[in-house]
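In: Sequence below, structure please.
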Amino acid sequence: MLSQLKVIHAWKIQTTNFALIWRIVRYVLTVGYVCVDQFGGFTKQGFFGVFDGHGGKDVADYCANRMSEVLLNLLKEASMKGVEKCLEETFVKVDGETRLLDSENTGSTACVAFITMENKEKVLYVANVGDSRAILVNTDGYQRLSYEHKATDPNELIRIQYLLTLLIENLVVSL
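Out: Reported below is the predicted structural model:
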């Protein structure tokens with residue numbers, strides 16, 4: 001499972017340097033990664049991801065192999081939904097698929113970047129789940145693009161408590 005809580009954060013920023021993303025993903029030592037240049041057949045699009053397996057590499061490898069395909073299909077099917085919604089649905093769909101693997105006690109974090117052109121401007125979308133983080137590095141320094149989902153973060157703890165409350169309320173109603 002990517003995450004038992006299935007939470008996605010997506011940011012849209014404008015940037016002029018996409019080569020740095022390729023280098024970050026390509027040289028990170030992790031269990032799984034994906035680099036798709038010319039994503040969907042478009043020369044100015046790319047999809048990149050890093051997946052840190054927890055308890056084994058099976059789920060991370062599966063995510064690395066499936067995320068780009070699922071996102072591409074969702075983007076083709078639902079152009080009016082927007083990239084953020086398609087990224088969220090991609091994470092949820094792949095998470096559901098990993099439940100069919102023999103991976104009950106394993107999982108993976110995920111951090112992905114989708115680069116595209118919108119209105120003649122380069123746009124970078126980032127989404128993550130788990131204790132993974134995206135950082136954009138350029139000659140001016142760095143910019144944090146995402147935040148890890150850690151129980152030590154006060155905002156994350158509030159979010160988890162809220163979801164647990166909803167879960168408990170749902171269980172009580174179901175009984």
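In: what's near enough to touch Lys93?
Out: Applying C-beta atoms under 8 Å, 6 or more residues apart in numbering to Lys93 gives the contacts 70, 74. Where C-beta positions appear, they are placed from N, C-alpha and C, glycine not excepted.
In: Check which residues of the host helix or strand of Phe91 are buried.
Out: Using DSSP states H and E, Phe91 sits in helix 83-98. For helix 83-98, burial by neighbour count (16 or more other C-beta atoms under 10 Å) applies to 83-84, 86-95, 98.
In: So what's the gap between that helix and the chain middle?
Out: Mean-position distance between helix 83-98 and its chain equals 8 Å (C-alpha atoms, centre = their mean, to the nearest Å).
In: With stretch 105-114 instead?
Out: That offset, for stretch 105-114, works out to 6 Å (C-alpha atoms, centre = their mean).
In: what about the strands in this protein?
Out: 9-14, 32-37, 46-54, 107-118, 121-129, 135-138, 141-144 (DSSP state E).
In: And those, which one averages the lowest pLDDT?
Out: Mean pLDDT values for the strands of the chain show the minimum at strand 9-14, a mean of 42.
In: just to revisit the earlier point, can you redo the strands of the chain as a markdown table with distance to Tyr62 and mean neighbour count?
Out: Listed next are those as a markdown table, based on distance: least, C-beta to C-beta, whole Å; neighbours: other C-beta atoms under 10 Å:
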| stretch | distance to Tyr62 | mean neighbour count |
| --- | --- | --- |
| strand 9-14 | 22 | 14 |
| strand 32-37 | 8 | 17 |
| strand 46-54 | 9 | 23 |
| strand 107-118 | 8 | 23 |
| strand 121-129 | 14 | 21 |
| strand 135-138 | 25 | 14 |
| strand 141-144 | 28 | 10 |
